[in-house]
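In: curious how this folds, go ahead:
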Amino acid sequence: MGANHLWKVTCIKTAQKVPVGLTVEIVKSGTTAIPSAKEIKAAIKSKYGIDANEGLCHRSYFEMVDISKK
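Out: Down below sits the predicted model:
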């Protein structure tokens, strides 16, 4: 079984309703893959109640850092 990875995901370019600087943390188990657009959208909805456009929840709009490595 793989380790958990904690990702810090920060908006770096306004994505409609999602402002620059908005940050969420996402835990992924058993994989080192970056969070998917679906996971980012769900985390934003859960933490802030913002229904983000899934089509804008990708690397062009968000910085993703694996903080479990620190």
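In: so what are the sheet partners of the helix or strand containing Val65 and their directions?
Out: Val65 belongs to strand 62-66 when assigned by DSSP states H and E. Partners of strand 62-66 in the sheet, by DSSP bridges, are strand 4-11 (antiparallel).
In: next helix or strand past the strand it pairs with?
Out: strand 23-29.
In: what pairs with that following strand, and is each one parallel or antiparallel?
Out: Here, using DSSP bridges, strand 23-29 pairs with strand 4-11 (antiparallel).
In: could you list the buried residues of the strand it pairs with?
Out: Buried residues in strand 4-11, counted by 16 or more other Cβ atoms under 10 Å: His5, Trp7, Val9, Cys11. (Glycine included, C-beta is placed from N, CA and C.)
In: next: stretch 54-63.
Out: Buried, per 16+ other Cβ under 10 Å, within stretch 54-63: Leu56, Cys57, Tyr61, Phe62.
In: quick check: which ranges of the chain have low pLDDT?
Out: Under the criterion pLDDT under 70, the flagged ranges of the chain are 1-2, 69-70.
In: pull out the buried positions in stretch 10-27.
Out: For stretch 10-27, by 16+ other Cβ under 10 Å, it's Cys11, Ala15, Val18, Leu22, Val24, Ile26.
In: what bridges to the third one?
Out: Pointing back at Val18 there. Counting by DSSP bridges, Val18 is bridged to Ala15.
In: before we move on, the earlier item: from the buried residues of stretch 54-63, which two are the most distant?
Out: Longest distance between any two of the buried residues of stretch 54-63 is 8.8 Å, between Leu56 and Phe62; criterion Cβ to Cβ.
In: any shared contact partners between these two?
Out: Contact criterion Cβ atoms under 8 Å, 6 or more residues apart in numbering; residues shared by Leu56 and Phe62: Ala15.
In: just put the buried residues of strand 4-11 in a markdown table and tack on distance to Thr31.
Out: Shown next, in a markdown table, are those (distance: Cβ to Cβ, whole Å):
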| residue | distance to Thr31 |
| --- | --- |
| His5 | 7 |
| Trp7 | 11 |
| Val9 | 15 |
| Cys11 | 23 |
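In: of those, which is the nearest to Gly30?
Out: The closest of the buried residues of strand 4-11, once distances to Gly30 are taken by Cβ to Cβ, is His5, at 8.9 Å.
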